[in-house]
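Chemist: I need the structure of the sequence given here:
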Amino acid sequence: MEPVRNKYTMRKATGKAGITLMTLFLMTGLVSCNSSEDPNLTWLLGLADGTSQSTTGQVSSTEIPFSYNIDNIQQGTGDFVFETNKSIPVEILVEDPDGGVQGTRVLIRDANGERVLFRAVTDEAGNATGVVTVNQDEQSAVIEVEYNGQTLYVDLDITDVLQATVTVLVRVRADVSEIADADGDGVPDNEDDYPQDPDRATVVRVPAEGFYRVAYEDLYPKRGDADFNDYVVQVYHEQDLNASGKLVELRSYYTHIAKGAGYDHTLHLAL
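Modeler: Okay, here's the model as predicted:
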């Protein structure tokens, strides 16, 4: 599928004190394609058997100085199927000397800081887990941790990353600030896409802009004429996440835009 930037009419298918420690795991899967010997596919191959890379730094975020360490495991040479998206399971742990910190807001945004890719509030053990879905050409993201009224920022390189572990060490305390939260889910009303619904907090659009255009060859898996114009649709998806970052509802919007076959095709989907 290829992201398309033009707009079309959509219709809906079915659809407290001291040191703080945060650990983030990003994982993407490798699957195999039919032939790694095809010279036309060599540009799709990854790096050698999976190499490690470590990055450290020190940052001052408003009144909170902190240091961080990022350990990346790069994607190996295993063959993989070209995909428009990559889905990255995320596991975040926020701790202080007394253990896990409950109620810490964690966000992951795109490199420009304009789009929320993931948002969650840590549970009683300090954990927040979920899945981040981005385009394959996304090379970086920004981690934001709201700690006692202050925001900590860490830039994360996700280019060819199979797994990343991020540790953030906060050195001073900030005063706790109250937030306006009508539904009591821990997400402030000004950030909550559903401020009156405690079961929903965030809407994530995939792709973030534009649409995917999907073209079908109706004789597949036979060779056919491979013109890929027999049935063409464009689509985008919306994910509703709760305050814990878990998927509550998935909606997909499809528009039929072309029919080049002599057959009268219909589109059927199953989850």
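
Chemist: Strands along the stretch 151-271 of the chain, start to end?
Modeler: Assigned by DSSP state E, counting those that start in this stretch, the stretch 151-271 of the chain shows strands spanning 161-170, 202-206, 211-216, 231-241, 247-258.

Chemist: would you turn those into TSV with mean neighbour count, mean pLDDT and distance to residue 92?
Modeler: Glycine gets a C-beta too; all of them are placed from N, C-alpha and C. As requested, the strands of the stretch 151-271 of the chain are exported to TSV (neighbours: other Cβ atoms under 10 Å; pLDDT from 0 to 100; distance: least, Cβ to Cβ, whole Å):
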stretch	mean neighbour count	mean pLDDT	distance to residue 92
strand 161-170	19	63	9
strand 202-206	19	94	15
strand 211-216	18	88	28
strand 231-241	19	93	14
strand 247-258	15	92	16
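
Chemist: Include distance to residue 104 when you put these into CSV, please.
Modeler: Shown next, in CSV, are the strands of the stretch 151-271 of the chain (distance: least, Cβ to Cβ, whole Å):
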stretch, distance to residue 104
strand 161-170, 11
strand 202-206, 16
strand 211-216, 34
strand 231-241, 16
strand 247-258, 21
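
Chemist: For residue 84, which of the ones you listed is the nearest?
Modeler: Residue 84 sits nearest to strand 211-216 of all the strands of the stretch 151-271 of the chain, at 6.5 Å, using Cβ to Cβ.

Chemist: who does the closest one pair up with?
Modeler: In the sheet, strand 211-216 lines up against strand 2-4 (antiparallel), strand 231-241 (antiparallel) (DSSP bridges).

Chemist: Next one: the nearest residue to residue 271 once chain neighbours are set aside from residue 257, what distance?
Modeler: Leaving aside its sequence neighbours, residue 271 sits nearest to residue 250 (Cβ to Cβ, 6 or more residues apart in numbering; 7.8 Å). Using Cβ to Cβ, to the nearest Å, we find residue 250 at a distance of 22 Å from residue 257.

Chemist: Residue 130 now?
Modeler: Between residue 130 and residue 257 the computed distance is 32 Å (Cβ to Cβ).

Chemist: With residue 149 instead?
Modeler: Noted for residue 149: a distance of 48 Å to residue 257, by Cβ to Cβ.

Chemist: Count the neighbours of residue 135 for me.
Modeler: Residues within reach of residue 135, counting by other Cβ atoms under 10 Å, total 16.

Chemist: try residue 134
Modeler: 22.

Chemist: and it, which of the three is it?
Modeler: Per DSSP: H, G, I helix; E, B strand; the rest coil, the secondary structure class of residue 134 is strand.

Chemist: thought it was touching residue 117?
Modeler: Yes. Here residue 134 reaches residue 117: they are 6.3 Å apart, a contact under Cβ atoms under 8 Å.
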